[in-house]
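Q: sharing a model that was predicted from the sequence below.
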Amino acid sequence: TGAVVLHSRGLRIAGAAVGAREARVLEHRAAEQVALLPDQPLRAGHRYTLRFQYSANLSESFHGFYKSTYRTREGELRLLAATQFEPTAARMAFPCFDEPAFKARFSIRIRREPKHLALSNMPIVKSVNITPWLVEDHFDTTVKMSTYLVAFIVSDFKSISKVTNHGVKISVYTVPDKISQADYALDAAVKLLDFYEDYFSIPYPLPKQDLAAIPDFQSGAMENWGLTTYRESALLYDPEKSSASSKLWITVVIAHELAHQWFGNLVTMEWWNDLWLNEGFAKFMEIVSVSVTHPELRVEDYFLRRCFDAMAVDALNSSHPISTPVEDPAQILEMFDNVSYEKGSCILNMLRDYLTADVFKAGLVQYLQKYSYQNTKNEDLWTSMTNANDQNFFFFQICPTVRSDKNELQGDGFCRSSQQPSSTAHWTKGETLDVRAMMDTWTLQKGYPLVTVTVRGKNVHLQQERYVKGEDSASSTGYVWHVPLTYVTSKSDTVQRFLMTTKTDVIILPEEVEWVKFNVDMSGYYIVHYEGDGWDRLIKVLKENHAVMSSNDRASLINNVFQLVRIKKLSISKALDLTAYLKHESQIMPVLQGLSELIPIYRLIERRDVDGTGKQLKEYIVNLFKDLIDRQSWSDDGSVSERLLRDSLLHFACVHGYQPCVDKATAYFTEWQKSDGTLSLPADVKSAVYTVGAQTSEGWDFLLSKYRLHSFSLERHNMELALSRSRRKDKLQWLMDQGLRGDIIRTQDLPSIIVFVAKNPSGYHLAWTFLKENWEKVVEKFELGSNSVAGIVTGVTSRYSTSSQLAQVKEFFSSLDEKSARLRCVQQAIETIEDNIQWMDRNFEKVKTWLQHNHP
């Protein structure tokens, strides 16, 4: 070849050579590429060494080799430099072939001042003093890996260390003043790394694993091989001050990054279109690992919420298949979304439920062993799963789990029931099960199925179609999924299974039943509609004895019923009828699901409230949970889920003006203020107390003065939430301006502050104006296509429900350059507003009527 083309972005290349001979360099800025032109063509089969001399400034954003700062307790400003390369920013630090399939070994040397220390993926082999004020660290050569996983940090961090049972040295690095908050993360990392080595039957290949808390960090964390990096809030924990939700979040994030050391680092997707092979897996493995290493966190309880979050965007026409083509850096960044992460993890959970945990695990291990240090595509995973399944003679596991006298296995591997041909005969033939054919329906088409169930005597008629919001449902014909249905009935709580692979099908029950509930525990990524009086029967069960169903089943009914209202399959009054049972609910998942369906409806109505309907709806919601709120103790007692529930409920009650809650929070805040912030408040009531306190101007100023102090750094999120609930527009504006400046409020927190302000009835105009006026700056800082930008766009507009708001949003985004206007988050925002408009037009009067009859 006469040219070698590499990636480079923002690097000033002074010269280049091939071996000892100089070479010309051409730059293609738009493509982020450089071409190296040797004086003679390079010949196949020969080894050449390319040398570049280049320099660059530390990046001012959150990607590349970037600058971060922090203040010590004494207020001194200190600098550090860290890296964030995924997906396409390694090229901002060094010229390279910056694509995941170009795996290589990396040898790194770093020069630094003696007061700093340098970290990278591998341990230091030796340090050389070059001058009295300059040290050169030589790091060991890495294993074969992709460029996006290279990392280095130069800082004055302190660390603590432990060694795992398998002999890996684990260290946590933080700014010196916060090293006392590193113990929890260190212990969790040791447990989790040991778990993964055992689960995957593949040793962790590096001698060490460092976890570093970076003061300025855009996402939650990053899985760089051997040097994982985190936001401070995702790693630092103080047993005295931190809430239960903080403990859960930290454990899960560490579990996610350590899972990547196998899924992603050892075995990497060939190209970003299959990013979900990294992210869906790491997200799914959080649950698998933490439920074993930290059973008290009951992490599996919260799995549902992710699937609901994924479905919210996946129901839009602007959604995309899990595996979808991408070409440029902005499109690649857009893949880091709810579909790759949450939907990816939900379909894996569904597959595990279908194959059984043992077969699923065998398939994973086979996949990881076969493709170690290589790159894979979607189908490679399904092949491994199918093979594992064949080796496990799957037909032993296809009979429903009931007493053996009712079922015998026939020679052909079908299940038969001695009374009548069992519906499970449909499940699968014993010989093979084509995992790929099934899973392609979930990864190569966007959206998810709505399964409609009609019970006629013993016959259960099934029909599937794509669930899609909005008017354009014609576009969804031709979608068929292989749906692993599960169900329980009034007569049997034994989970029955049935693989539905066609548009329609029929199941024959052994006897007539009073009710049937499909998608047991919502382990499948689909929603269910019950035709005829199916919903009435389920509502009756919830009212009379909700405990006959699992709490996840109850949460899924609450979610599904409101999704069916959105597509006109059910009336809003039916959905509200169902919520009435919540008066007797005490489990965290159904309660939170009830709140997350009802509050957005209240917020939509409140924005347009002309006749007091909003106020009435708010009273109805508060009244539903009043008894449960009254039973909450203002303390940190109880299990993790009880503490999380308390935190959410008290915050909800105080924000929505439930007087007993407001009075108690006010009393706490006054005491806290009198003690000048020294009084120790229970961690789980802080969000309620701060929010109420910040409603007065004086309380707001006091809270801000504490926000700026070192000793309250762990509570910044709660304080930002409270400060952004103020009714004073000047204060809300000040918060956003400061977030952009990045001095008092870190710019990493700006996206969530803008969204908090947008959710505040006094702030939604301000947030929209701020977004329009500062669009260029926001994009420059957070990058076009990033999750941060998407979160701002959808968060600011999610409660718009008028045609003039829709027109404003369309007008602003169409005035931008083509790339910005075409962003997926813009399409999502527009579709959501259109959906809100239709929802209000159809349902506002009905809600009003229902409240008059049911909540006089």
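A: Thanks, I have the structure now. Numbers count the residues shown, from 1 in each chain.
Q: low-scoring stretches of the chain, by residue?
A: Within the chain, the ranges that satisfy pLDDT under 70 run 392-432, 471-476, 856.
Q: domains of it?
A: 1-56, 657-725 (the TED database).
Q: centre of the chain to the shortest one, how far?
A: It refers to domain 1-56. In terms of C-alpha atoms, centre = their mean, to the nearest Å, the centre of domain 1-56 is found 39 Å from the chain centre.
Q: and stretch 784-794, by the same measure?
A: 14 Å.
Q: list the helices and strands the longest helix anywhere in the chain packs on?
A: Longest helix in the chain by number of residues (criterion: DSSP state H): helix 824-854. Under the contact criterion of 3 or more C-beta pairs under 8 Å, 6 or more residues apart in numbering; DSSP states H and E, helix 824-854 touches helix 551-566, helix 572-579, helix 588-607, helix 613-630, helix 787-797, helix 803-814. Every residue, glycine included, has its C-beta placed from N, CA and C.
Q: so can I have a markdown table of those helices showing mean neighbour count?
A: As requested, the helices and strands packed on helix 824-854 are exported to a markdown table (neighbours: other C-beta atoms under 10 Å):
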| stretch | mean neighbour count |
| --- | --- |
| helix 551-566 | 24 |
| helix 572-579 | 21 |
| helix 588-607 | 21 |
| helix 613-630 | 18 |
| helix 787-797 | 23 |
| helix 803-814 | 15 |
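Q: any chance of the ones you listed in a markdown table, plus distance to Y354?
A: Shown next, in a markdown table, are the helices and strands packed on helix 824-854 (distance: least, C-beta to C-beta, whole Å):
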| stretch | distance to Y354 |
| --- | --- |
| helix 551-566 | 17 |
| helix 572-579 | 28 |
| helix 588-607 | 22 |
| helix 613-630 | 36 |
| helix 787-797 | 30 |
| helix 803-814 | 41 |
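Q: so for L134, which of these sits nearest?
A: helix 787-797 (36.4 Å; C-beta to C-beta).
Q: list the helices and strands that closest one packs on?
A: helix 750-759, helix 764-773, helix 775-782, helix 824-854.
Q: okay, angle between it and helix 750-759 too, please.
A: In terms of direction (axes from the mean of the first three to the mean of the last three C-alpha atoms, to 10 degrees), helix 787-797 departs from helix 750-759 by 10 degrees.
Q: make 420 the first number, not 1, from now on.
A: That works, and once the first residue is 420, the last one we named lands at helix 1206-1216.
Q: please identify the most buried of the helices and strands packed on helix 1206-1216.
A: Of all the helices and strands packed on helix 1206-1216, helix 1169-1178 carries the top mean neighbour count, a mean of 24, counting by mean count of other C-beta atoms under 10 Å.
Q: neighbouring contacts of that helix?
A: 1022, 1136, 1139-1140, 1143-1144, 1151, 1154-1155, 1158-1159, 1161, 1164, 1182-1183, 1185-1187, 1189-1190, 1197, 1200-1201, 1207-1208, 1210-1211, 1214-1218 (C-beta atoms under 8 Å, 6 or more residues apart in numbering).
Q: to D635, which of the domains of the chain lies closest?
A: domain 1076-1144 (13.1 Å).
Q: from the middle of its chain, how far away would that closest one be?
A: 28 Å.
Q: distance of the residue nearest to P551 when sequence neighbours are not counted from V573?
A: Excluding the flanking residues, the one nearest P551 by C-beta to C-beta, 6 or more residues apart in numbering is P533, at 8.0 Å. Here the distance between P533 and V573 works out to 12 Å (C-beta to C-beta, to the nearest Å).
Q: between the two, which is the more surrounded one?
A: V573 (22 against 12; other C-beta atoms under 10 Å).
Q: sec struct for the more buried one, please.
A: Local secondary structure at V573 is given as strand here, using DSSP: H, G, I helix; E, B strand; the rest coil.
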